[in-house]
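Visitor: sequence? don't have it. structure:
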């Protein structure tokens, strides 16, 4: 820290209690100066010789009381006046970044100009500020902090503007020229950890991080911080991502919702203003601020009931980079007066804003890849895929909330139903979690939620889980098994030309499409009920498959046995296909009883019957795999 010593005489100011200050001298004091609650017993000559203001006050005092004056409004109070008084006496006084502004403002109040006496206090302080303080990074920040309690004097004397310019200039300095001390504890550099690589046995110079100045500015109050950031941006040499990093560090230091400290009711206005100010300072450039930080800021804005305009601005910025968000970032809790655990309405609005970007620019951006890349509102398929997976993951976590309405779950899922996904494992996990936590759903509601999933896009692991999942309607389980069989048939070159038309149209086509159209067409789909006759047929086919697999032996007759297996399995496969066809058209046979939402049909499956259906279809898939092996041989 820079400092300047003035005077050479020893300090002769003495204290008598908390309110009396006097000069220990052989000469009796002849003037009393009252500064607030403190009285200074001093001599007129040394003070009046350097202060024009004291001269005026003494001259205007009445004859009966001309030895006592009152200057209660002097900036800096008793401490600042004492510095000025010591200078007048020639006593040793030390100026530094903590007291120089108060001394400068007090000297201005006392009118200690060069016209009164050469080498007066104002002249000496101005030299110290210009040559030392404003050239020091940390001293400029300290001085800037002290100016707040000395307004409007510090503003009128342009101390604030000089400090702002000094701080902004150094923050914008080329990194190769930064040779002063700064605080940087957020992340260690390789050179600071002792792991910096060496070149020809000579250690490289320590690299200055581009955001080296961020932590030191966190010491400033929000008003001064805002002015510093504004000044830095006005110079035009600071990248937007570094500005964003500074805002993030400041919020982490200052906002209680970020630091998980207790929020006091009396501080609501202060923190509300802080959030609104940080929001207003956010750079306009996309991805200049981490999306996770923006979501935390949005959470604070909601909890503190901040300005609606600022909240809308935050949501627009988050929507622009929603593909960078993690599921954990989206888990924004609802306010205390709401029944839901998580604020799904905010997520719904963010996804809506994400989709609106493309709608608002479709007419502006030509249908050309080169133009799409430079068009800021264009949403790529890659971004849509990430957001689709993000929403799937969010729904899987939000589904644990027992008070989450099905309508809100469905609305959010349907918003991204057309987004491209290579797999529907995520939405399957989400709907399964919802079914698990909400067992009271009706059959109709279960059918609705299962329409969100495309069985053709489930991975092998997801299919294995689904066929054993008793929470799913049986229709969905059999559908999953059917598609597994269809995939196995395609894998061995069988295009299933003899498949019924109503089933063949549901085979995988490799397009994104809507999960709704992929899984079901209308209420005419099988709803999970089937007749006892059909179940007997399935059980009979299972027995036939088992008998067919027991025959045969190795050796010279292997080819004959394999041919017999293929022939038998072909007949069995055709029979099972007919059974599947009857299952899909069962609605026409069952009538209205099969679609009841409140009770099971008389022909509903039992747990054991359900297991038999799964066994038969599963056995079909295994046989298809064996077929592929035989054909290869």
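Guide: Happy to help now that I have it. Nothing here was measured: the structure is a model prediction, and the numbers come from that model.
Visitor: Return the set of buried residues in the host helix or strand of residue 79.
Guide: Using DSSP states H and E, the secondary-structure element containing residue 79 is helix 77-89. Along helix 77-89, these residues count as buried under the neighbour rule (16 or more other C-beta atoms under 10 Å): 77, 78, 80, 81, 82, 83, 84, 85, 86, 87, 88, 89. Every C-beta, even on glycine, is put in place using the N, C-alpha and C of the backbone.
Visitor: which of these sit farthest apart?
Guide: Across those, the longest distance by C-beta to C-beta is 19.2 Å; it joins 77 and 89.
Visitor: Please pull out the lowest mean pLDDT helix or strand from this protein.
Guide: Scoring the helices and strands of the chain by mean pLDDT, DSSP states H and E places helix 515-519 at the bottom, with a mean of 38.
Visitor: List just the nearest of the buried residues of helix 77-89 to residue 314.
Guide: Where the buried residues of helix 77-89 are concerned, and distances follow C-beta to C-beta, residue 314 has its nearest neighbour in residue 77, at 42.2 Å.
Visitor: which stretches of the protein have low pLDDT?
Guide: In the prediction, the chain carries residues with pLDDT under 70 at positions 62-66, 186-206, 257-266, 336-337, 358-378, 488-633.
Visitor: could you show me where the strands are in it, in order?
Guide: For the chain, the strands defined by DSSP state E cover 3-6, 13-16, 20-23, 31-35, 38-42, 68-70, 93-96, 198-199, 202-203.
Visitor: who wins for proximity to residue 392 among those strands?
Guide: Across the strands of the chain (criterion: C-beta to C-beta), the nearest stretch is strand 198-199, sitting at 48.1 Å.
Visitor: which ones are touching the closest residue to residue 429 other than its chain neighbours?
Guide: Spatial nearest neighbour of residue 429, excluding adjacent residues (C-beta to C-beta, 6 or more residues apart in numbering): residue 396 at 4.9 Å. By C-beta atoms under 8 Å, 6 or more residues apart in numbering, the contact set of residue 396 is 426, 429, 430, 433.
Visitor: Repeat that for residue 108.
Guide: Contacts were defined as C-beta under 8 Å, 6+ apart; by that measure residue 108 touches 75, 122, 153, 157.
Visitor: Residue 445: which of those is nearest?
Guide: If you rank the contacts of residue 108 by distance to residue 445 using C-beta to C-beta, residue 153 comes first, at 70.3 Å.
Visitor: What number of residues are in the vicinity of that closest one?
Guide: Around residue 153 sit 19 other residues, with neighbours defined as other C-beta atoms under 10 Å.
Visitor: Could you double-check that it sits in contact with residue 103?
Guide: No. With the criterion set as C-beta atoms under 8 Å, residue 153 and residue 103 do not qualify as a contacting pair; they are 11.5 Å apart.
Visitor: And residue 159, how far from residue 285?
Guide: 33 Å (C-beta to C-beta, to the nearest Å).
Visitor: now do residue 420
Guide: In this structure, residue 420 lies at 27 Å from residue 285, with C-beta to C-beta as the measure.
Visitor: Isn't residue 213 up against residue 169?
Guide: No. With contact defined as C-beta under 8 Å, residue 213 and residue 169 do not form a contacting pair (11.1 Å).
Visitor: More neighbours: these two, which one.
Guide: Each of residue 213 and residue 169 has its neighbours counted (other C-beta under 10 Å); residue 213 has more, 26 against 16.
Visitor: ok, and the closest non-adjacent residue to the more buried one?
Guide: Beyond its immediate neighbours in the sequence, the residue positioned closest to residue 213 (C-beta to C-beta, 6+ apart) is residue 171, lying 4.3 Å away.
Visitor: Go through stretch 300-310 and flag the buried ones.
Guide: Buried-residue list, stretch 300-310, by 16+ other C-beta under 10 Å: 300, 301, 302, 303, 304, 306, 307, 310.
Visitor: With distance to residue 471 as added columns, please give those in TSV.
Guide: Formatted as TSV, the buried residues of stretch 300-310 follow (distance: C-beta to C-beta, whole Å):
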residue	distance to residue 471
300	38
301	38
302	34
303	35
304	40
306	42
307	45
310	43
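Visitor: Show me which of these is closest to residue 217.
Guide: Within the buried residues of stretch 300-310, proximity to residue 217 (C-beta to C-beta) peaks at residue 300, which comes in at 19.8 Å.
Visitor: Cross-check the contact I'm expecting between the closest one and residue 255.
Guide: Yes. Contact criterion C-beta under 8 Å: residue 300 and residue 255 qualify, at 5.9 Å.
Visitor: Pull up the overlap in contacts between these two.
Guide: Here residue 300 and residue 255 have 271, 275 as joint contacts, going by C-beta under 8 Å, 6+ apart.
Visitor: Residue 424 reaches residue 463, doesn't it?
Guide: No. Counting by C-beta under 8 Å, residue 463 is not a contact partner of residue 424; they are 10.7 Å apart.
Visitor: quick one: which of those two has more around it?
Guide: Neighbour tally, residue 424 and residue 463, criterion other C-beta under 10 Å: the higher count belongs to residue 424, 24 against 20.
Visitor: Which residues are in contact with that one?
Guide: With contacts taken as C-beta under 8 Å, 6+ apart, residue 424 has the following neighbours: 453, 454, 455, 457, 458, 462, 515.
Visitor: follow-up on the earlier one: turn the buried residues of helix 77-89 into JSON lines, columns for distance to residue 470.
Guide: Below are these laid out as JSON lines (distance: C-beta to C-beta, whole Å):
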{"residue": "77", "distance to residue 470": "78"}
{"residue": "78", "distance to residue 470": "82"}
{"residue": "80", "distance to residue 470": "81"}
{"residue": "81", "distance to residue 470": "85"}
{"residue": "82", "distance to residue 470": "85"}
{"residue": "83", "distance to residue 470": "83"}
{"residue": "84", "distance to residue 470": "87"}
{"residue": "85", "distance to residue 470": "90"}
{"residue": "86", "distance to residue 470": "88"}
{"residue": "87", "distance to residue 470": "89"}
{"residue": "88", "distance to residue 470": "93"}
{"residue": "89", "distance to residue 470": "94"}
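Visitor: With respect to residue 60, which of those is nearest?
Guide: Ranked by distance to residue 60 (C-beta to C-beta), the buried residues of helix 77-89 are led by residue 81 at 18.8 Å.
Visitor: Can you tell me how far the closest one is from residue 167?
Guide: Shown here: residue 81 relative to residue 167, a distance of 29 Å by C-beta to C-beta.
Visitor: Ok, residue 99 next?
Guide: 19 Å.
Visitor: cool, and residue 414?
Guide: With distances defined as C-beta to C-beta, the gap from residue 414 to residue 167 amounts to 51 Å.
Visitor: In terms of neighbours, single out the busier of those two.
Guide: Set side by side, residue 414 and residue 167 give different neighbour counts by other C-beta under 10 Å, the larger being at residue 167 (26 against 14).
Visitor: got a list of what the more buried one touches?
Guide: Taking C-beta under 8 Å, 6+ apart, one finds 137, 140, 141, 144, 217, 228, 231, 232 in contact with residue 167.
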